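Chemist: Need a 3D model of the sequence below.
(chains A and B)
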Amino acid sequence: MIKKIGKKIIFEKADDLPPNAMSLGTTEFNETGSWRNERPVVDKDKCIACGICWKFCPDMSIKEDAQGKAEIDYVFCKGCGICAAECPVKAIKMIEEEK
Amino acid sequence: MKYSIPEKELINPGHLACQGCGGALAMRIVLKTLGENTILTIPACCWSVIDGPFPYSAVKVPLFHTAFETAAITAAGIKAGTKKVEKEYIHSVAWAGDGGTFDIGLQALSGAAERNDDIFYFVYDNEAYMNTGIQRSSATPKGAWTTTTPTTFPKLESKKDLDAIVAAHNVPYQATVSVSYPEDFTKKLEKAVKKRGFKFFHILAPCPPGWKTNPEDTIKLGRMAVESGIFPLYEIENGENYTINMPSPKKELKPVNEYLLKQGRFRHLKEKDIELIQEIINKRWEKLKRLAGV
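Modeler: Next up, the predicted model:
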């Protein structure tokens, strides 16, 4: 039996395993946001929607909001800070994560 | 938002790359341009971990994990197989780290380049065996700290000039690219997609844990490496037509010490070591300018 709990795929027996193919694009169960020490916060008034943070994000965590401005996906953002460092108008700030 | 590189994502979040990984960003840029008709071949390297544990996979294209020394030849085999059955053109891509290219996979790379197999070969160069714990490779630059070249005895040898080795095979297209210049990267990929035969890309992928840098400096370091001439961006067609893209050959190079001292792996260097490194860079830069005829 192949079970799917949320986005996680679970095989009960060895026979259930696919022989040589992997399920493509399925790492979304792995919520890497928990790795974060600092969270990026976008100042929407300053954001000029240039797309530079989106271009350089290694974790595909910059999304577009209704006004076309940057929005951060905190489920997957690992908090590397590239977006804050590269923002030309300093609209993104890194704020320490509260535990 | 303005999209200066293709918008479509063919890689999923939730992958296992470290914070600020240059290699993950490189794969993202490459798959955006090559598109869905791509088969990846990955030997042992950081990406065999980044992709995620079985049965999961971070990329949305088929991916084949293979042995360390066989990336190029496996990709060539896949291309030979798909040629018989493909309805649309399929890009066969070998994607290896610097260990699997400069050291271990060099003979397979040379074989595929000599036969001019119709594949892409990407080496994402983080300048050591980062995945296994930062051991030196022949891509590690002179003076760098790694766990096998400690600060009391840093690496003495210069980085191997792999691009010159590949150029000696007279392959149709090869280029050096950096994750800090995605537009230049995409432009070169679009050029290469139209070509048939062996295409080679050398990507500088800064590695925060291995270079002992802050993750937010990944892009900045890539840019400094290009501007200081330690990793110039250029392309070579048919092994002879050199074009330098960046930095401008008419301008003076920026001094390398800023780039070196930003990284923990070079922090032990003394002033005369830096001068020696600067000399090597200047010599390589002059040679490159001579080859490009500027």
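Chemist: need the contact list for A:A91.
Modeler: With contact taken as C-beta atoms under 8 Å, 6 or more residues apart in numbering or on different chains, A:A91 is in contact with A:42-44, A:46-48, A:70. In this view, the C-beta of every residue, glycine as well, is placed from N, C-alpha and C.
Chemist: make it 7 Å
Modeler: A:A91 is in contact with A:42-43, A:46-47, counting by C-beta atoms under 7 Å, 6 or more residues apart in numbering or on different chains.
Chemist: So how do I select the buried members of these in ChimeraX?
Modeler: Selecting only the buried entries of those in ChimeraX, with 16 or more other C-beta atoms under 10 Å in any protein chain shown as the criterion:
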select /A:42,47
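Chemist: for chain A, what spans make up the strands?
Modeler: A:2-5, A:8-11, A:38-42, A:62-64, A:70-72, A:92-96 (DSSP state E).
Chemist: got a list of contacts for the helix or strand encompassing B:M27?
Modeler: Per DSSP states H and E: B:M27 is located in helix B:22-34. Helix B:22-34 has contacts (C-beta under 7 Å, 6+ apart) with A:56, A:58, A:60, B:5-6, B:8, B:10-11, B:15, B:17, B:38, B:46-47, B:50, B:59, B:61, B:91, B:93, B:122, B:124, B:126, B:179, B:182, B:185-186, B:189-190, B:193, B:203, B:205-207, B:218, B:222.
Chemist: I'd like to know which of the strands of chain A is closest to B:A80.
Modeler: strand A:8-11 (32.3 Å; C-beta to C-beta).
Chemist: so what strands line up beside the closest one?
Modeler: strand A:2-5 (antiparallel) (DSSP bridges).
Chemist: Dump the partner strand to CSV, keeping only the CA atoms.
Modeler: In CSV, the C-alpha atoms belonging to strand A:2-5 read as follows (Å, rounded to 0.1, in the frame of the first residue of the first chain):
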residue,chain,number,x,y,z
ILE,A,2,1.2,3.5,-0.8
LYS,A,3,-0.1,6.0,1.7
LYS,A,4,0.0,9.7,1.3
ILE,A,5,-0.1,11.7,4.5
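Chemist: Can you name the residues in contact with that strand?
Modeler: Residues from elsewhere that reach strand A:2-5, judged by C-beta under 7 Å, 6+ apart: A:9-12, A:16.
Chemist: Kindly report the residues of chain A close to chain B.
Modeler: Contact residues, chain A versus chain B (C-beta under 7 Å from any C-beta of the partner chain): A:9, A:17-18, A:22-32, A:35, A:49-51, A:54-56, A:58-61, A:64, A:68, A:70, A:76, A:78-82, A:84-86.
Chemist: so what's the residue at the greatest distance from the centre of chain A up against?
Modeler: The C-alpha centroid of chain A is most remote from A:D15, which lies 33.4 Å away (C-alpha atoms, centre = their mean). With contacts defined as C-beta under 7 Å, 6+ apart, A:D15 has no neighbours.
Chemist: same deal with B:T151?
Modeler: B:145, B:268.
Chemist: and it, how far is that from B:T140?
Modeler: Between B:T151 and B:T140 the computed distance is 14 Å (C-beta to C-beta, to the nearest Å).
Chemist: just A:G6 next, same as before
Modeler: 42 Å.
Chemist: what bits of chain A have low per-residue confidence?
Modeler: Applying pLDDT under 70 to chain A flags residues A:1, A:18-23, A:99.
Chemist: So which residue is dead centre in chain A?
Modeler: Nearest to chain A centroid, counting by C-alpha atoms, centre = their mean: A:F76, 2.9 Å.
Chemist: excluding its backbone neighbours, what's nearest it?
Modeler: B:P13 (3.7 Å; C-beta to C-beta, 6 or more residues apart in numbering or on different chains).
Chemist: residues in contact with the one you found?
Modeler: A:28, A:32, A:59-61, A:76.
Chemist: Just give me the closest of those to chain B.
Modeler: A:F76 (3.7 Å; C-beta to the nearest C-beta).
Chemist: Just to be sure, B:V166 is in a helix?
Modeler: Yes. Read with DSSP: H, G, I helix; E, B strand; the rest coil, B:V166 is one of the residues of a helix.
Chemist: Identify those among the residues of chain A next to chain B that sit within helices.
Modeler: Among the residues of chain A next to chain B, the ones falling in helices (DSSP state H) are A:54-56, A:82, A:84-86.
Chemist: Around B:K254, count how many other residues there are.
Modeler: 15 (other C-beta atoms under 10 Å in any protein chain shown).
Chemist: again but with B:H65, I slipped
Modeler: Neighbourhood size, B:H65 [other C-beta under 10 Å]: 15.
Chemist: show me what contacts whichever residue of the stretch 151-294 of chain B sits closest to chain A?
Modeler: Minimum separation of the stretch 151-294 of chain B from chain A (C-beta to the nearest C-beta) falls at B:E216, amounting to 3.3 Å. B:E216 makes contact with A:80-82, A:84-85, B:20, according to C-beta under 7 Å, 6+ apart.
Chemist: One more pass at 10 Å, please.
Modeler: A:38, A:40, A:79-86, A:94, B:19-20, B:208 (C-beta atoms under 10 Å, 6 or more residues apart in numbering or on different chains).
Chemist: could I get these as a markdown table with distance to B:K79 and neighbour count?
Modeler: Output for the contacts of B:E216, formatted as a markdown table (distance: C-beta to C-beta, whole Å; neighbours: other C-beta atoms under 10 Å in any protein chain shown):
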| residue | distance to B:K79 | neighbour count |
| --- | --- | --- |
| A:E38 | 44 | 17 |
| A:P40 | 41 | 25 |
| A:G79 | 39 | 27 |
| A:C80 | 35 | 29 |
| A:G81 | 40 | 22 |
| A:I82 | 34 | 29 |
| A:C83 | 37 | 26 |
| A:A84 | 42 | 20 |
| A:A85 | 39 | 20 |
| A:E86 | 37 | 20 |
| A:M94 | 44 | 18 |
| B:Q19 | 35 | 23 |
| B:G20 | 33 | 28 |
| B:P208 | 34 | 23 |
